[in-house]
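Asks: from the sequence below, what's the structure:
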Amino acid sequence: MNRRKALKNLGLSLGTITLSPAVLSLLQSCKNDLDWNPVFFNSNQVNVVSELTDLIIPSGDDIPGSKELNLIKFIDLYIYNISNKKEQDLLKKSMDAFLSDCLIRSNKNNIDNLERNDLDSSLEYYFKIKNSSHSKWRQAYNKNKDQDIVNKSDLNEAFSFNFLNIIRQLTITAFKGNEYIGENVLAYAPIPGQQKGCVDLQETTGGKAWSI
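Replies: Presented below is the predicted three-dimensional model:
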């Protein structure tokens, strides 16, 4: 797969997290900090999320994937350091809903038993098969996010989608902010020149998205 096609398939045009100075600082610290232990996710959860990010951005012939770039580190530290307490609590609730939903779909009773194919099937369901349900799920989540969703199976999909969507956004942000990707895969200008609007991306960068 050529680089341009691979980047297009990664969905890099999707919305990413706002790059505030704090987020940029965190991206920089992830590059320099070689010693890291999860601080938001527990050991079981971090394995699941790491596998999800690698399904979202897998390795290509000439592009390293999420696991090779260790994007899970940024995601874990972002949630712990940047997200507020309410956002963290809602993400935990959404993650619990997703894990419950995934176990039901795979007919398993422990997240340790979830396999890559199980997670891939969930991504396929939420982002491809049920693509037309995104608006409905967002509305249901926003309406019920402060309620207890235990035993409310009709809300599981809305909260599961919220979790996957956040992980996808964070994964893409981490990918685009990675130093290696910025300098070797995306269009990169170490000394920015003049700003030109309404120009053809193919002509200016060969079709590559700009590094952040």
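Asks: hey, let's count contacts and neighbours off CA atoms from now on
Replies: OK.
Asks: max-length helix in this structure?
Replies: Longest helix of the chain, by residue count under DSSP state H: helix 153-177.
Asks: buried sites along that one?
Replies: 155-165, 167-177 (16 or more other CA atoms under 10 Å).
Asks: just checking, what packs against that helix?
Replies: Packing contacts for helix 153-177, counted by 3 or more CA pairs under 8 Å, 6 or more residues apart in numbering; DSSP states H and E, involve helix 21-32, helix 43-56, helix 66-69, helix 71-81, helix 85-106, helix 134-144.
Asks: could you give the mean pLDDT of that helix?
Replies: For helix 153-177, mean pLDDT rounds to 89.
Asks: relative orientation of that helix and helix 43-56 in degrees?
Replies: Note on geometry: by axes from the mean of the first three to the mean of the last three CA atoms, to 10 degrees, helix 153-177 and helix 43-56 are set 70 degrees apart in direction.
Asks: so where is this structure shaky, pLDDT-wise?
Replies: 1-35, 150-153, 180-212 (pLDDT under 70).
Asks: what's the spacing between Leu103 and Leu69?
Replies: Distance of Leu103 to Leu69, given as CA to CA, to the nearest Å: 28 Å.
Asks: so the residue nearest to Asp120 when sequence neighbours are not counted versus Asp118, what's the distance?
Replies: Excluding its sequence neighbours, the residue lying closest to Asp120 (CA to CA, 6 or more residues apart in numbering) is Leu55, at 6.8 Å. Between Leu55 and Asp118 the computed distance is 11 Å (CA to CA).
Asks: which one of those two is surrounded by more residues?
Replies: Higher neighbour count among Leu55 and Asp118: Leu55, with 20 against 17, using other CA atoms under 10 Å.
Asks: thought Val39 was touching Tyr78?
Replies: No. Val39 is beyond contact range of Tyr78, at 10.0 Å (criterion: CA atoms under 8 Å).
Asks: these two - which one has more neighbours?
Replies: A direct count of neighbours by other CA under 10 Å for Val39 and Tyr78 places Tyr78 higher, at 18 against 14.
Asks: in stretch 126-141, what counts as buried?
Replies: Buried positions in stretch 126-141, judged by neighbour count with 16+ other CA under 10 Å: 126, 134, 137, 140-141.
Asks: how close does Asp61 get to Val49?
Replies: Distance from Asp61 to Val49, counting by CA to CA: 23 Å.
Asks: please say which of those two ends up with more neighbours.
Replies: For Asp61 versus Val49, the count of surrounding residues by other CA under 10 Å is larger for Val49: 20 against 9.
Asks: quick one, what contacts that one?
Replies: 72, 167 (CA atoms under 8 Å, 6 or more residues apart in numbering).
Asks: against Ser133, how distant is it?
Replies: On the measure of CA to CA, Val49 and Ser133 end up 23 Å apart.
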